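K.L.:
generate a structure from the sequence data that follows.
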Amino acid sequence: MPDSKSTFHPAFVVFNIKNHVPIILEMENDGKQKALPTEKETELWLTLDTTVLQWIYAIISHDLLDTILERDTTTMKAWNRLRDIFQDNKHSRAVTLEYDFTHTAMKAFSSVSAYCQHLKSLLNQLKNADFSVDNSRLVLQLVSGLTESYKRVATLIRQSDPLPQFY
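P.N.:
Next up, the predicted model:
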């Protein structure tokens, strides 16, 4: 990771976000009538919306882009379509990840470290799908997927009470 003192991010230059986003969110308007946006403000808003929409299009895969691309859409509509794609399939995603998690074995990896990193990655993905795996299950899965050369270590870990932390 680069040294944080030499890392520059454009967001650091923005000192007053109100200069870039001229909207104030509020729950109530206290009975005051809001002035209708001027043509210039509406044009600016449409330009900003198009800019953010292009940012979204630039950071998703071509498959996702083909799925959500629609003529004359807004950033909010595109964002909501993406949200629906990723959140509406939470359960089927969890089933697939659970299968991968329980069928992962060290023999498919170049090292113990790569094997552990893959299990940890699957664990994080399962958590993101609101399907948590506790430490004991993670350790037992790790041990059950070890190769024959780690048989003695696996036996020692299985006999530990409590099981050691995954790390």
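
K.L.:
gap between the longest helix belonging to the chain and the chain center?
P.N.:
Longest helix of the chain, by residue count under DSSP state H: helix 39-58. Distance of helix 39-58 from the chain centroid (Cα atoms, centre = their mean, to the nearest Å) equals 24 Å.

K.L.:
and the contacts of that helix?
P.N.:
Applying Cβ atoms under 8 Å, 6 or more residues apart in numbering, the contact partners of helix 39-58 are Val21, Pro22, Pro37, Leu65, Leu69, Thr73, Thr74, Thr75, Ala78, Trp79, Leu82. (C-beta placed from N, C-alpha, C; glycine too.)

K.L.:
contacts only, for the fourth one.
P.N.:
This points to Leu65. For Leu65, the contacting residues are Tyr57, by Cβ under 8 Å, 6+ apart.

K.L.:
do you know the pLDDT at it?
P.N.:
pLDDT for Leu65: 91.

K.L.:
what helix or strand does it sit in?
P.N.:
Using DSSP states H and E, Leu65 sits within helix 62-68.

K.L.:
any idea how far the residue nearest the centre of the chain is from Ile17?
P.N.:
The chain has Asn128 as the residue nearest its centroid, 7.2 Å off, counting by Cα atoms, centre = their mean. According to Cβ to Cβ, to the nearest Å, Asn128 and Ile17 sit 28 Å apart.

K.L.:
on that earlier part again, among the contacts of helix 39-58, who's most crowded?
P.N.:
Highest neighbour count within the contacts of helix 39-58, by other Cβ atoms under 10 Å: Ala78, with 20 neighbours.

K.L.:
per-residue confidence for Asp84?
P.N.:
At Asp84, the pLDDT value in this model is 84.

K.L.:
from Leu65, how far off is it?
P.N.:
When Asp84 is compared with Leu65 (using Cβ to Cβ), they lie 15 Å apart.

K.L.:
same check on Ser110?
P.N.:
When Ser110 is compared with Leu65 (using Cβ to Cβ), they lie 33 Å apart.

K.L.:
repeat for Thr104
P.N.:
Taken as Cβ to Cβ, the span from Thr104 to Leu65 is 31 Å.

K.L.:
now do Asp161
P.N.:
Asp161 is 51 Å from Leu65, by Cβ to Cβ.
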